[in-house]
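Asker: Just need the structure, nothing else, for what follows:
(chains A and B)
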Amino acid sequence: MEKTPTLIHVLIPLLPLLAFVVNGLFGKWLQGKAGYISIGAVVLSCLFSLITLGQVLSGQHFYGTVYEWITAGDFRIAIGFNIDQLTAAMIAMVTFVASLIHIYSVGYMHGDKGYARFFAYLSLFTFSMLMLVLANNFLLLYLGWEAVGLCSYLLIGFWYEKKSAADAGKKAFVVNRVGDFGFGLGVFLIFVTFGSLDYHEVFHAVGGVLGQKITIPLLVTSIEADLVTVICLLLFVGAMGKSAQFPLHVWLPDAMEGPTPVSALIHAATMVTAGVYMVARANPLFSESTTALTVVGIIGGFTALFAATIGLAQNDIKRVLAYSTVSQLGYMFLALGVGAYVAAIFHLLTHAFFKALLFLGSGSVIHAMSGEQDMRKMGGLRDKIPRTYWTFLIGTVAIAGIPPLAGFFSKDEILWKAFSHGTGYGKLLWLLGAVAAFMTAFYMFRLLYMTFFGESRVEPEAAHHLHESPWNMVGPLMVLAFFSAVAGFAGVPEAMLGNNWIHHFLGPVFEHGHEAGHAAAHGGHGLEVMMALLSILIAAAGIGLATYMYLLKPTLPAKLAASLGGLYRAVFNKWYMDELYDAVIVNPCKRFATFLWEFIDASIIDGIVNGVAAVSNFFGERIRKAQTGHVENYALFFVIGVVVILGFYLLG
Amino acid sequence: MTDNILTLITFFPLAGVLLIFFTPRGNEAAIRQVAFFASVITFALSLYPMARFDRSSFQMQFVESVPWIPSWGVHYSVGVDGISLLMVFLTTLLTMVSILASWTAIQERLKEYMIALLVLETAMLGVFVSTDLFLFYVFWELELIPMFLLIGIWGGPNKLYAAVKFFLYTLAGSVLMMVAILTLYLHSGDPLTFNIQALTEASGGFSPTVQFWVFWALFLGFAFKVPMFPFHTWLPDAHVEAPTAGSVILAGVLLKMGTYGFLRFAIPMCPQVALDPTTVTIMMILASVAIIYGALVAMMQKDMKKLVAYSSVSHMGYVMLGIFAYNTQGVSGGILQMFNHGIVTGALFLIVGLIYERRHSRMIADFGGVARVMPIYAALFSIFTMASIGLPGTNGFVGEILILVGAFASEYRLAAVVGAFGIILGAAYMLWLYQRVIFNPMVSKEVESMQDLSLREIATLLPLAILVFWIGFYPATFLNILGPSVEHLLEPIRAVQLAMHP
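Answerer: Numbers count the residues shown, from 1 in each chain, chains lettered A, B, ... in the order given. Have a look, this model is predicted:
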């Protein structure tokens, strides 16, 4: 049953917006109280989101316009909401995780001189993220999309006096803009194709444009391409930027310059999953293009593996988690690529819990270590910060894919859907995912051992201050640990005697993609259980290897690194992607711009008017003499001018 | 009073001039106050037509017409449609803001300065309200003089070069424009008329040759003003030397006179040439080049003002892109973006001026870490930066998205792709500027001692910031004013389009 959105739905994004306005304007006076305003807003908004989820569970949907936003001719864009199962699940997760992270931030950001500003940005982010998922049209989604990017920019560069932080913020924004270039063109193409950007109108009209071609000019020649495929690929370029998929992933690891709660909320649980959400939302389009889905799957699968390799060799605790996030997002796109939309969203939701947990846990470690992030200077922290350790352990086991924790069910669902896709392409994606899963288990346990186990390598200064975090930080860790442990039960497959509740809940949103989803039914329950066991074995192998290398033979990693030489350095240096971009894009672009300015503008164009310049010198001399500073003289000029004009007309 | 509202608005600044004229030179406080109140009242007066404008009509409204030089058919006739109304509002707003921004910045020859600014306001308003081509031209030329003086007297070290360059470039354009106007006049039928509406209606009878010459002569006149690539090199020089208020008016209003000229004269009076695929192709290429070129050159600038000046070249490229898309979205977006550019670039010049007053430098490298000492300034700067890079929720987004949708829906889709690409560069150069000035470690001692904005300074920027969000979230207020005028403008174009592609 579809209804018009009501006040509580409007309040869900509006409350954080109000908190932003209040903290933004009066933060200077509110100081330490700013946090409570943001927390109050997000907790209420969470409450309303849960009520909304309840309404959706009881079969109600909401779709409608709040007000007309931009209208010019037939281009009519509304500020309007769309609340179905997918949106309800997203807003519930976003506000819930955001509430916990807000509370955690009270402890983490305590005493920072930008405390009020931090909460203002956090509220603005919450508003933007909610608009992104609540939108009922592509342009409003784009509003949320860009606004979360802005918040990301502001929060990455939160400690703005650090140049690396300011650089990272700018890099994140500009790389995202590259993605948005594609996304924007996709939106334009949707508009000229369907005459609307409204989800209902576009998705209902997809059937009418199937098979249409579009001509793309390429320098001297041009190619014909399938219209829907082109739309999907353009949208996906946006998703690659926002969700940090290869080759636009380079901004996310640098984004770790931001305060850790930001890494947890924006760069792990919510914003970076916007690309996954968007593709899932646009499933009626994507399901009509096998080519587009294949590209999505290949990019996702490749990124899952590629980022995992980099994660193997990083020493900064947050950077490992950052590459892990890139890799896990890759899994979600891999799932989308085989039409397994529900599996992608399921993993998005469980990942939100355990990755937020891991980031907040790493924040608690960094907090305890007085700001140290290098794992080579940690070790043996298990006894010093036991609550952080235990919750972190749960998160690690969850992401590594050990049952019955959340990550196992959602990741295994993806691998199974890929394996049973019935194509060589599906098998290839499975292989990429399986290898990445091995690496995930390895690098996560490597992180765990380097941080919490073994000999303490903590520097004396930091060791002196080692302390467990306050309750407002540990509390959220425990709540997240609980959900990281149990959230997977929402999607226990029938093969394992579960009822796969989340499939029944989210399934209707993806009815358009039923055919694509249907293909994922090759193989029986027996095979599915076998594959699950194989997944567990793979994870166990990764854990085993990490245990051997980092717990039992701690001298081995250095030897291995030395013997691998070039390969190790390439991985350690993130496959030199940043250097490549600098050499191929950034520097040539700057050189070209300088050439335009200093040669074309200054020499050519101004050179052509050199004649005029000579004349101007001549006049300049005269005018200098005429510049007596008396209004009367200027008035005289004016009169002369008028006379000249009038004279010209008389003669004309 | 309301029968002559446009005349009242246009000439009210001159009442201020008269009062200032009789204020003793030494009483600078009084001079400032008189000038400011004259501009506030003018602004307040301009709210009347904004409020009472019939938004369902494309007709010229608040019309006045009296014969001026009957033997030549010259009338003093004024009126506004949606397009000119928006420009009138922009002019009165930015003049008010400029005067407030000059409060402490101008210390010498204050009297002449305020007179020049107010005369300039009258001239600019006259340009936008004229419905008689002769009257239009008089105001168009009149505007040159006070602007020339603003740059030449109150400008920076290289002011004379810049002032003369500005003057000659624009004059070169306007001489050609005058020839075009005379040609139009002589072909206007019997009796000869300068009436804009009559000339537009008579344009159907102009021979292709006449249209050709008139269009391209007008093109040069307006292209210098916009400025379109490659006629833009006077702009950075003029901006760098001009005082802050001069830059605000120059970028905010004067450039709009160029695009306004295309909308009001070049396109409606020479529809066959304006619609010719070759012409449109040329325009689209020049607009696309301006977008990319302006953005790239802006990126490498070391002087903040020059950076903003080159960004104007890029942004005005978007305006041209929208106008020559010849559809509702493109043209509405183009006009809205004229307004937006006035607000945002005007604000950015104020932003530059504010720290120039404190640090006496506009070099980007002299700053860094300003956010620590000037948080309010940093916040306002961020708002206008976001508007400049077209972030949704700001006015820049609404304008840009309409322009790009319009261009994408036209036959020149590739130009839209180039335009969309320009948005990446826009983010790059503006954020880089913002980072180097506002963020980063504080390297200079002078920055350490900079004071945050005073209430007066906040008051100069606040109305512009409000408009950024107003148009960003509820553009209907302004798009409604434009709607019928845009459709009316497109009507003959659509007829010709239909004839060309039956």
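Asker: report the longest strand in chain B, please.
Answerer: Secondary structure of chain B per DSSP state E: the longest strand is strand B:61-69.
Asker: can you check chain A too?
Answerer: Longest strand in chain A, counting by DSSP E: strand A:61-72.
Asker: is that strand anywhere near chain B?
Answerer: Yes. Judged by Cβ under 8 Å from any Cβ of the partner chain, strand A:61-72 comes into contact with chain B at A:Y67, A:E68, A:W69, A:I70, A:T71, A:A72. (C-beta placed from N, C-alpha, C; glycine too.)
Asker: Tell me where the stretch 1-150 of chain B has helices.
Answerer: Here the stretch 1-150 of chain B has its helices, by DSSP state H, counting those that start in this stretch, at B:5-21, B:28-52, B:82-101, B:110-129, B:133-154.
Asker: could the ones you listed be laid out in CSV, adding mean pLDDT, distance to A:I414 and mean neighbour count?
Answerer: As requested, the helices of the stretch 1-150 of chain B are exported to CSV (pLDDT from 0 to 100; distance: least, Cβ to Cβ, whole Å; neighbours: other Cβ atoms under 10 Å in any protein chain shown):
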stretch, mean pLDDT, distance to A:I414, mean neighbour count
helix B:5-21, 92, 66, 20
helix B:28-52, 94, 57, 18
helix B:82-101, 95, 53, 26
helix B:110-129, 94, 61, 26
helix B:133-154, 91, 65, 23
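Asker: wait, which of those is closest to A:D254?
Answerer: Comparing the helices of the stretch 1-150 of chain B against A:D254 with Cβ to Cβ, the closest turns out to be helix B:82-101 (38.0 Å).
Asker: what does the stretch 1-150 of chain B have sitting close to chain A?
Answerer: B:W72, B:R109, B:K111, B:E112, B:I115, B:F134, B:Y137, B:V138, B:E141, B:L142, B:I145, B:L149.
Asker: let's see it at 6 Å
Answerer: The stretch 1-150 of chain B comes close to chain A at residues B:E112, B:I145, as judged by Cβ under 6 Å from any Cβ of the partner chain.
Asker: So the residue nearest the centre of chain A versus chain B, what's the distance?
Answerer: With distances taken as Cα atoms, centre = their mean, the residue of chain A nearest its centroid is A:V272 (1.6 Å). From A:V272 across to chain B, the span is 19 Å (Cβ to the nearest Cβ, to the nearest Å).
Asker: try A:N283
Answerer: Distance of A:N283 to chain B, given as Cβ to the nearest Cβ: 24 Å.
Asker: wait, isn't that residue in contact with A:V509?
Answerer: No. Using Cβ atoms under 6 Å as the test, A:N283 is too far from A:V509 to be in contact (7.5 Å).
Asker: higher neighbour count, these two?
Answerer: Taking other Cβ atoms under 10 Å in any protein chain shown, A:N283 and A:V509 do not tie; A:N283 has more neighbours (24 against 20).
Asker: The residue in chain B that chain A sits nearest to - how many residues pack around it?
Answerer: Residue of chain B nearest chain A, by Cβ to the nearest Cβ: B:T328 (3.1 Å). B:T328: 22 surrounding residues under other Cβ under 10 Å.
Asker: A:V66 now?
Answerer: By other Cβ under 10 Å, neighbour count at A:V66 equals 17.
Asker: Let me see the contact set for it.
Answerer: Counting by Cβ atoms under 6 Å, 6 or more residues apart in numbering or on different chains, A:V66 touches A:I79, A:G80.
Asker: how close does it get to chain B?
Answerer: 11 Å.
Asker: any idea which element A:L150 lies in?
Answerer: helix A:138-156 (DSSP states H and E).
Asker: tilt between that helix and strand A:61-72?
Answerer: Going by axes from the mean of the first three to the mean of the last three Cα atoms, to 10 degrees, helix A:138-156 is angled at 90 degrees with respect to strand A:61-72.
Asker: right, and the helix or strand after helix A:138-156?
Answerer: Past helix A:138-156, the next helix or strand by DSSP H and E is helix A:163-194.
Asker: low-scoring stretches of chain B, by residue?
Answerer: Along chain B, segments meeting pLDDT under 70 span B:1-2, B:500-502.
Asker: Which strands and helices lie in contact with the longest helix seen in chain B?
Answerer: In chain B, taking DSSP state H as the definition, the longest helix is helix B:328-359. For helix B:328-359, the elements it packs on are strand A:61-72, helix B:82-101, helix B:244-249, helix B:304-323, helix B:375-388, helix B:395-409, helix B:455-473, helix B:476-500, judged by 3 or more Cβ pairs under 6 Å, 6 or more residues apart in numbering or on different chains; DSSP states H and E.
Asker: Including distance to B:K165, could those go into TSV?
Answerer: Formatted as TSV, the helices and strands packed on helix B:328-359 follow (distance: least, Cβ to Cβ, whole Å):
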stretch	distance to B:K165
strand A:61-72	38
helix B:82-101	22
helix B:244-249	14
helix B:304-323	13
helix B:375-388	25
helix B:395-409	29
helix B:455-473	28
helix B:476-500	33
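Asker: which residues sit in contact with the closest residue to B:A266 other than its chain neighbours?
Answerer: Nearest non-adjacent residue to B:A266, counting by Cβ to Cβ, 6 or more residues apart in numbering or on different chains: B:L218, 4.3 Å away. By Cβ under 6 Å, 6+ apart, the residues touching B:L218 are B:M177, B:A180, B:F265, B:A266.
Asker: so which of the helices and strands packed on helix B:328-359 gets nearest A:M131?
Answerer: The nearest among these, by Cβ to Cβ, is strand A:61-72 at 10.9 Å.
Asker: Surely A:V174 touches B:A428?
Answerer: Yes. With contact defined as Cβ under 6 Å, A:V174 reaches B:A428; the gap is 5.2 Å.
Asker: interface residues of the stretch 201-350 of chain A facing chain B?
Answerer: So the stretch 201-350 of chain A never meets chain B (Cβ under 6 Å from any Cβ).
Asker: try 10 Å this time
Answerer: Proximity of the stretch 201-350 of chain A to chain B (Cβ under 10 Å from any Cβ of the partner chain) is limited to residues A:I214, A:T215, A:I216, A:P217.
Asker: Compute the number of surrounding residues for the last one.
Answerer: In other words, A:P217. Neighbours of A:P217 (other Cβ under 10 Å): 11.
Asker: Check the second one too.
Answerer: A count of nearby residues for A:T215, using other Cβ under 10 Å, gives 10.
Asker: three-state assignment of it?
Answerer: strand (DSSP: H, G, I helix; E, B strand; the rest coil).
Asker: ok, what's across the strand from the spatially closest residue to it that is not a sequence neighbour?
Answerer: The shortest distance from A:T215 to any non-neighbouring residue, by Cβ to Cβ, 6+ apart, is to A:S222 (5.2 Å). Beta bridges link A:S222 to A:P217, judged by DSSP bridges.
Asker: which secondary structure element contains the residue in the stretch 351-500 of chain A that chain B sits nearest to?
Answerer: At 17.7 Å from chain B, A:G371 is the closest residue in the stretch 351-500 of chain A, using Cβ to the nearest Cβ. Taking DSSP H and E as the definition, A:G371 sits outside all helices and strands.
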